[in-house]
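In: Starting from these lines, generate the structure:
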Amino acid sequence: MVNHAKMAEELGMDPSHILLPTLGRKIVIDTKTIALGEEVHAGITLVDGLGVGDVGNVVLRDRQVLSEDGLIIVIITFDSHGRVIAGPEILSRGFVYVKESEGLLNEVKNIALNVIQHADKKQSDYSNLKNNIRDRIKSFIFTRTQRRPMILPVVMIAADKQDKDELDFKVEDFTR
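Out: Take a look at the predicted model:
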């Protein structure tokens, strides 16, 4: 708009007839005049495809991190006694090309295994374990790559056959 205003002035238009509004400034037009009006609240409105302005800051920050630095998912399965029966499996999306970074992802796997080996075996709450895995991997990845991907540890607990027999639900409970 600034260039248009300069061009109009260079072509001989009276500068008092050139309006150059700022963001949030109304332009009032009637049958004989045009003028700058009052200021109104204006700014960036984010549209997420489903609605306008209804996306929270946390969601937007997560989307930004995912788009810029990607995601690392660490999946570990324990039995009901706290023993690792599968994993850790490392999945990477939008962070590194897996085939070219197998060494880095193997180091991430070893870090997760190390955290598990040094975890409190008596503690049945896995939230501390997930936090420790996230913190150690986050620190390692930043040191090696100067990037901050979202790190998502997933802990699954597999029921033993004995535990399955004690469960008090039926498959029908989960069907619609």
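In: What lies in contact with stretch 111-124?
Out: 74, 76, 82, 84, 87-88, 90, 128-129, 132-133, 136-137, 140, 153 (Cβ atoms under 8 Å, 6 or more residues apart in numbering). C-betas here are computed from N, CA, C, even on glycine.
In: Please report the distance of the closest residue to F78 other than its chain neighbours from T143.
Out: Once flanking residues are discounted, F78 sits nearest to I157: 5.4 Å by Cβ to Cβ, 6 or more residues apart in numbering. Distance check for I157 against T143: by Cβ to Cβ, to the nearest Å, it reads 31 Å.
In: Which residue of these two possesses the greater neighbour count?
Out: Neighbours were counted for I157 and for T143 using other Cβ atoms under 10 Å; I157 has more, 14 against 8.
In: close enough to count as contact, that one and S80?
Out: Yes - in this structure I157 lies within contact range of S80 using Cβ atoms under 8 Å: 6.5 Å.
In: any low-confidence regions in this structure?
Out: 44-55, 97-98, 121-124, 160-176 (pLDDT under 70).
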